[in-house]
Structures are given as C-alpha cells and as structure tokens.
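Colleague: any chance you can model this:
(2 chains)
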Amino acid sequence: MTDELPRTDAAVDAAGDVRPAAGQPLLRIEGVAKTFGSFRAVDGVSLDIKAGEFFALLGPSGCGKTTLLRMLAGFEAPDEGRILLGGKDIAQALPHERPINMMFQSYALFPHLSVRDNIAFGLKRAGMARADIATRVSEMVALVKLEGLEKRKPDQLSGGQRQRVALARALARRPQLLLLDEPLAALDKKLRESTQGELMELQRRLGMTFIIVTHDQEEAMTMASRIGVMKAGRLDQVASPRELYEAPRSRWIAEFVGDINLFDAEFKLRDGHRLVIGTRDAGTLVVAEPREALGETRFSVAIRPEKVKLSRRAPVSEAGRETAINRLDGVIADICYLGGTTIYKVKLDTGGMLQASVVNSARLDVDAYSLNQNVVAWFTPDDCVVLPS
Amino acid sequence: MSARRIFARPARFAAIAPYVWMVLFFLVPFAFVLKISLSQTAIAQPPYEPVFDVTAGWGALKAAFAALSLDNFKLLGSDDIYVYAYLRSLTVAVTATALLLLIGYPIAYGMARLPKRWQAVAMVLVIVPFWTSFLIRIYAWINILQHDGLLNQILLALHLVSQPVVWLSTDSAMYIGIVYSYLPFMILPLYATLAKMEPALEEAASDLGAPPWQVFWLVTFPLSLPGVGAGVLLCFIPIVGEFVIPDLLAGSNSLMIGQTLWLEFFTNKDWPVASAAAIVLLVVLLVPLLLYERLQKRQLEQGR
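Modeller: Below you'll find the predicted structure:
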C-alpha cells in the first residue's frame, strides 16, 4: 500500500460540502436527549468533536452510547437538542441524507451481494460513474487487503474478512464522519489487537474522523485520542486516555477504567501542599493536594495497583523514606500470576486489602513473594488520587 | 445395506419413515389412478374394466398389458373442454397468486415490523379463520356477496353504486373467495422470512445513501425472495386444482380442471378419463413442485 491513498476528494461528497480541516470543529452535539417509553436512554449529552479525531464513547451496556451513535447516524431522532455537522443541524435528517457512514457491530453485510457489490452499494446510490466506482472499489479492496476475494459472498468469508468488507463499505463513500459500533467485538483476541492497530493506522492516513463505541476500556484507551465515558445516559468525563486513567473524575470512572485500590477517608488535615488523610482500612495516608478543592463531601483515596511498590523491609535511606512516605505493613494473601506481571493482594495490618501489580522483570523468581510472607507496601503522595465518593 | 443395519438405530428408522409414508399414501394411490386412467369405461361397479387380474395368471397379465391404451389421454388432448379447463385453471391460479402476493406482502411486512408481543397477536389473527370450517367460511362469503348481502348494502349505503351489483357466480366472487382462503398461506412464509431478516441490513442500506424505496427493492425484497417463492408455490399449486371455491362462487359457464374432474367422476361416471385428467394435472404441477423443492434445498444449504 502506498501513502497517496484516498485523501478527501469531492467525487462523492454532497454538492457544496466544505470539509473542516483537521483540528477544526466538525461535530457539535448540544443537549441531546432520547427517551424510550419511560427509559431515558440519553440524558442531555453535549460534546464537540474535531475533524481528524479518533473519539471513543466508552461505557457499560445500557449506558446510552449506542443510542447516541444511532442518533448521529440518523436511525433515531433525538427528542431534545441539536446535532450540528459542519455548522448544519442534522438532528432530523434521514440516514441517507447524511454524509456520515456507520460500521455495524454485526457488520450488516448484504448476504445476496458479493464483496465488490457490497462495497459499491453506497457509491452507486451516490450516482458515481461506473468507471469511478470500479476504481474506488479496487482502492478500498486494496486498503483492507481483500484482493482476490471480490467475487465472494459474505457467507464465504471468515469473521475477520467480513469485518474488513464492512469497514471498506463504510469508508468507500469517504464520509465526513465514520461511526463504528463495537467494530471488533466479534473478533478473537489476537485478531482484535492487530485490527486495532490497523484501524488507527487507517484513520491517521485517511485523516478521517472516527467515533467508536465500545464497552472495552482497553480498546478505547489503545485506539482513541479522546474518550467520553458514559453512564446512565450522561457523559461523565471526556478526556485523553492518560488523563482518564491517572485523573479520573469520579470513583465510578476510576473503577470502570482499570483496577484501583480505594480507601474511604474519615478525616483530613492540611500539611503544606499535601493532605494528611485518615482512612479506616489503610491508616493515615499522605496525598498531594487535589486540583479541585474538596468540599465537605465524602471522599476516598485511590491508588492504581502498579503504583504500589512492595519490598521485604522498609526503605532505609533518607530519599527512600521520602518516597515511601506512605508505608503499609501487611502479609501476602493472594497471588495472581499473569506472565508479564503478578498481582499480589496484601492483607494490611490496618485491616484493608491492597492490590499491587509487580512487573516480572527477571525470569527467575528471586524477587517473587510467597503466600503469607510479610511485606511492606509503599507509594508516593503523588501516586494517590482523591476522589469524591 | 442390510435391513438389520437400517433398523439398527432409531435415527435410521426416522430417516426412512417419510419414504414409507410416501409409498403408502402417494405412490400406491398414484398407481391406482394410473391404472384406472389406462383402462376402459364400463357400466359396472366400479365403473371401469379391471385391467389387471393378478389371480388370472401370467398369460392373462401379459394380455392385459398389451390391451393398455392411451386413448383416455388422447381424448384429453382432442377435446377442447379439457384444454380449456387446464388453461383456465392456470390463468386463475396465476391471477389469484399475483393478487395474493400483492395483498399478502404488505401485511407480512407490517407484521414483521410490529413490536415483538404484537407480532404474536397478529399471527393469531392470521390463523384464527382456520378455527372455522372452510366450507362455512365460503358459505359466509355467499351470504356477504348475494344480491341483498352485506357488501351490496354497504356499497348502496355509501352511494358508491345506485343498484345492487351482481357478485355471486362471477369471477370476482371466485377471486375474493380464493384470495381470502389462501391469504394465510401467502402471509406466513413471507412473514417468517421478513421477521428473521436482520434489521441492521435495512439500516445499512439507508446509511449508505439509499432512500426508503431503494432500501426495499435492493435489500428487503431480494432477501425475502425465499419467502416469496414459498408463498407463491404454496398458493399456486393448490389453487390450480381448486374445486370448492370456483364451484360455489364462480359461474358455471367456464370450469376449472378440478370441477371438470368432479364432473367426469361423479356425473359422467367416466373414471378412466377423470383419472387421466388427474395425472396430466399432476404432471403440470410437477414443474412448480420441483421448483419448490429446489428452493427449499438451496435455503437449507444457505442456512448452514
């Protein structure tokens, strides 16, 4: 494959469509809501998407992410709010009138049409010339590496090949916005991981705007440049993967994205730029002062397992004492070996449980801890996050 | 394969059961009819000369074979009555099936798009007429269609006509009766195909720029063709041989082949000619039957 592959041209675009350059706002969702019967599936979502972004809508099933996506595609009309694409309100436009295409979770390939005719379907509807269609189809077939399978019917393809046809079909019209509904859910783990990389590469090369819906936080973190976490019809936090992981806005998000240790706070004292927080299960912890002032609400201290270090004895040096300012004694209660890392569950002397994820950097297990071994767990104040409960 | 092995497993027995059924209830009766069609009329009980007499020995049997004649079949070809009856049967069946498809498709489509719990209700509504005897339902239609029947009363009340329309003993009445009676056989296979169609397919077509009528013609209809085929054949085949509805609702000036058969059997007591007519009808229907068979086989293969 070469690098001069399909950049946007005007062949299929609706007449007079001007596409925003990368980084310019493309899609604006304003206070969109949708109710089914008495169930408020989407409850006032506002969001801006910039051209060229790879955006992920992440959330558990039933959180409204798919409904939001279907409103962008035009399969559902919002009860409230506006959807602006390039400044134009498309909230009530029918699916076939939108310069948006979707890749379906089930792929929804037309079983009576060949791979070629599936990919050409949207181009024919756009009234493209026959010769141009042929060119575009072979371009797309090459793009998703399906050469030689053009005449096959969908039921003669493997799951991975079907996924590629679905992608090629959705990309063929060069939509301003591509929606992907759990595009990798039906693939096995290995294929899913390699396809994630290919999707990112494709998105970057085509300079297209992608919105992906997924319930898999790893998938969202891997692919997206920005993630919107949805819960009960609302957007809880919109942030980069790193910010989402290291600075989650709520206890719920912290628990949904990755593993985390949480200790409920009982009191707090200010000590310069730090807070001294008393917890019931982990004793007194020193944490960096959060960016947003804590009110009188209940809150917890959160530490990711990989930020927790374990050792047999407490560090003795001056510097060591500073980094190990939060030091908890305990005993190994459970060991979960995952190959690259091992998760230790430490039963703290103060009563709580603490998970620590340790990288197995040496092949021989001289550093490994055994069950019921006494250990010291420690972490720096900066590794802790204070979250309202 | 020995008989013992065939019966070795219940599954094997289950596999041959349909063939036993076919032989007992199709091939044997068919052989009887074929035999009668090759024999001569006689004023007797039954009203034909027995062709074979197995008890008479080998020589007599050979003589009987030599005496077999295709006269009855030749008569069918030479007499306009039969040719006309076949043609009329086919015309009626084609017209009625087309009407059934036109009426049944929108109903089946609407049913398949109802919310799940309403689909069950609609299904019952389609099947409910079967709870009443077929004959009673046709007599009910006679009642509705007669001179001062319900239909004329409504038409007069709405001032759509100035005087009662003659419905009974017309082709219109017959088509109303046939379409009414066969509608479930058209709707159910269509509904089954449409209901199991993945809704995302229509959405995908629309997403790719197809306006609603293209979504229908390019995706929904082609994918419902197995259902269309099943419905068309399920209606067409029995309508060709239909006897009761044309006899009760249509005029008597042009007969369908089913009525002609009835006349030959019971009025003219010419069993051999009637049997020959029945066999020709079967051969004519073999074409759509084989089509249906192939269609089902292909569907099974695709369903894998």
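
Colleague: pretty sure A:Leu109 is in a helix, no?
Modeller: No - going by DSSP: H, G, I helix; E, B strand; the rest coil, the assignment for A:Leu109 is coil, not a helix.

Colleague: so what does it look like in phi/psi?
Modeller: Here is the backbone geometry of A:Leu109 (degrees, to the nearest 10): phi -70, psi 140.

Colleague: what sits against it?
Modeller: A:Leu109 sits next to A:118, A:154, A:162, A:165-166, A:169, B:204 when contact means Cβ atoms under 8 Å, 6 or more residues apart in numbering or on different chains. Glycine gets a C-beta too; all of them are placed from N, C-alpha and C.

Colleague: so how far is chain B from the residue lying closest to it once chain neighbours are set aside?
Modeller: Among residues not flanking A:Leu109 along the chain, A:Pro154 sits closest, at 4.1 Å (Cβ to Cβ, 6 or more residues apart in numbering or on different chains). From A:Pro154 over to chain B the distance is 11 Å, taken as Cβ to the nearest Cβ, to the nearest Å.

Colleague: tell me the residues of chain B that contact chain A?
Modeller: Contact residues, chain B versus chain A (Cβ under 8 Å from any Cβ of the partner chain): B:198, B:200-201, B:203-211, B:214, B:218-219, B:222-223, B:302.

Colleague: recalculate using a threshold of 7 Å.
Modeller: B:198, B:200-201, B:203-204, B:206-211, B:214, B:219, B:222-223 (Cβ under 7 Å from any Cβ of the partner chain).

Colleague: just flag the most distant two among those residues.
Modeller: Pairwise distances among the residues of chain B next to chain A were taken by Cβ to Cβ; the largest, 20.1 Å, belongs to B:Glu198 and B:Pro211.

Colleague: what distance do you get for A:Glu147 to A:Val141?
Modeller: 6 Å (Cβ to Cβ, to the nearest Å).

Colleague: who has more neighbours out of those two?
Modeller: Taking neighbours as other Cβ atoms under 10 Å in any protein chain shown, A:Glu147 and A:Val141 compare with A:Val141 leading, 21 against 9.

Colleague: the more buried one sits in which helix or strand?
Modeller: helix A:130-143 (DSSP states H and E).

Colleague: which residue sits closest to the spatially most central residue of chain B, ignoring its sequence neighbours?
Modeller: Chain B has B:Pro238 as the residue nearest its centroid, 1.2 Å off, counting by Cα atoms, centre = their mean. Leaving aside its sequence neighbours, B:Pro238 sits nearest to B:Tyr182 (Cβ to Cβ, 6+ apart; 7.5 Å).

Colleague: what about the one you found, neighbour count?
Modeller: B:Tyr182, neighbours per other Cβ under 10 Å, totals 23.

Colleague: what residues are up against it?
Modeller: Shown in contact with B:Tyr182 (Cβ atoms under 7 Å, 6 or more residues apart in numbering or on different chains): B:100, B:235, B:239.

Colleague: what's the answer for A:Leu157, then?
Modeller: Contacts of A:Leu157 by Cβ under 7 Å, 6+ apart are A:149, A:165.

Colleague: could you check how far it is from chain B?
Modeller: 14 Å.

Colleague: please apply the same query to A:Lys307.
Modeller: Plainly put, A:Lys307 is 43 Å away from chain B if you go by Cβ to the nearest Cβ.

Colleague: in space, what's closest to that residue - neighbours in sequence excluded?
Modeller: Using Cβ to Cβ, 6+ apart, the closest residue to A:Lys307 is A:Asp383 (3.9 Å).

Colleague: burial measure for the nearest residue to A:Val301 once chain neighbours are set aside, as a count.
Modeller: Among residues not flanking A:Val301 along the chain, A:Phe263 sits closest, at 4.8 Å (Cβ to Cβ, 6+ apart). By the criterion of other Cβ under 10 Å, A:Phe263 has 23 neighbours.

Colleague: give me phi/psi at A:Phe263?
Modeller: phi -130, psi 120.

Colleague: test my guess that B:Val244 contacts B:Tyr139.
Modeller: No - counting by Cβ atoms under 7 Å, B:Val244 sits too far from B:Tyr139 to count as a contact (10.5 Å).

Colleague: which residues of chain A lie near chain B?
Modeller: Residues of chain A lying near chain B (Cβ under 7 Å from any Cβ): A:73, A:75, A:95-96, A:101-102, A:104, A:106, A:108, A:110-112, A:121-122, A:125-126, A:173.

Colleague: make it 8 Å
Modeller: Residues of chain A lying near chain B (Cβ under 8 Å from any Cβ): A:73-75, A:94-96, A:100-102, A:104-106, A:108-112, A:121-122, A:125-126, A:155, A:169, A:173.

Colleague: who's more crowded, B:Val244 and B:Tyr139?
Modeller: Higher neighbour count among B:Val244 and B:Tyr139: B:Val244, with 15 against 12, using other Cβ under 10 Å.

Colleague: in this structure that one contacts B:Ile138, no?
Modeller: Yes - between B:Val244 and B:Ile138 there is a contact under Cβ atoms under 8 Å: 6.4 Å.

Colleague: about what we covered before: my guess is the residue nearest to A:Leu109 contacts A:Val165, does it?
Modeller: Yes - with contact defined as Cβ under 8 Å, A:Pro154 counts as touching A:Val165 (6.9 Å).

Colleague: which of those two has more neighbours?
Modeller: A:Val165 (26 against 19).

Colleague: the more buried one sits in which helix or strand?
Modeller: Assessed by DSSP H and E, A:Val165 sits inside helix A:159-172.

Colleague: same deal with A:Leu310?
Modeller: strand A:309-311.

Colleague: what residues of that strand count as buried?
Modeller: Neighbour-count burial for strand A:309-311, counted by 16 or more other Cβ atoms under 10 Å in any protein chain shown, picks out A:309-310.

Colleague: and it, which strands flank it?
Modeller: strand A:374-379 (antiparallel) (DSSP bridges).

Colleague: picking that back up, mean confidence for the helix holding A:Val141?
Modeller: Taken as a whole, helix A:130-143 has a mean pLDDT of 94.

Colleague: that's a strand at A:Lys345, yeah?
Modeller: Yes - assessed with three-state DSSP, A:Lys345 lies in a strand.

Colleague: residues in contact with the closest residue to it other than its chain neighbours?
Modeller: Sequence neighbours aside, A:Asp334 is the residue nearest to A:Lys345 in space, at 3.8 Å (criterion: Cβ to Cβ, 6+ apart). A:Asp334 makes contacts with A:344-345, A:371, as judged by Cβ under 8 Å, 6+ apart.

Colleague: 10 Å instead?
Modeller: A:343-347, A:353, A:355, A:371 (Cβ atoms under 10 Å, 6 or more residues apart in numbering or on different chains).

Colleague: quick one: A:Glu76 is in a helix?
Modeller: No - with three-state DSSP as the criterion, A:Glu76 is located in coil rather than a helix.

Colleague: count of residues packed around A:Ser38?
Modeller: For A:Ser38, using other Cβ under 10 Å, the count is 5.
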